[in-house]
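**Student:** Structure, please.
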Amino acid sequence: MNNKEFIATLAAKTGYTQDESQKMAKAIVDLMGKSFESGEPVPVVGFGTFEVKKRLERVMVNPSTGLRMLVPPKLVLNFKPAATIKGHVRKGGTENG
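**Tutor:** Okay, here's the model as predicted:
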């Protein structure tokens, strides 16, 4: 599903116009971005939790040269899915029931 299809589906399910749905989706993404910048997790009920985690520095080995390098610490975005989403993925996305 691309962005255009997503917005059209969202508009159809909510009863808003596609323009209003596009604005709402953009506002949600902007607010999530601000939360990530401040280090706050963003829980989405029934979907999962997005959070920023610090990846520690580590030693990496280049497989072709055998050269060892130190990879500095960095912040990464992590997603922990809700149990219902995990269940849907395990079943292959098919709805049973």
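**Student:** Would you mind listing the buried residues in the longest helix along the chain?
**Tutor:** Longest helix in the chain, counting residues (DSSP state H): helix 18-37. Neighbour counts over helix 18-37 (16 or more other CB atoms under 10 Å) mark S21, Q22, F36 as buried. From N, CA and C alone the C-beta is placed, and that goes for glycine too.
**Student:** helix or strand for the residue nearest to the second one when sequence neighbours are not counted, which one?
**Tutor:** Taking CB to CB, 6 or more residues apart in numbering, and ignoring the residues beside it in sequence, Q22 has I7 as its nearest neighbour in space, at 5.1 Å. Using DSSP states H and E, I7 sits within helix 3-14.
**Student:** Does anything pack onto that helix? Which helices or strands?
**Tutor:** In terms of contacts (3 or more CB pairs under 8 Å, 6 or more residues apart in numbering; DSSP states H and E), helix 3-14 is packed against helix 18-37.
**Student:** Please report how far N62 lies from F50.
**Tutor:** 32 Å (CB to CB, to the nearest Å).
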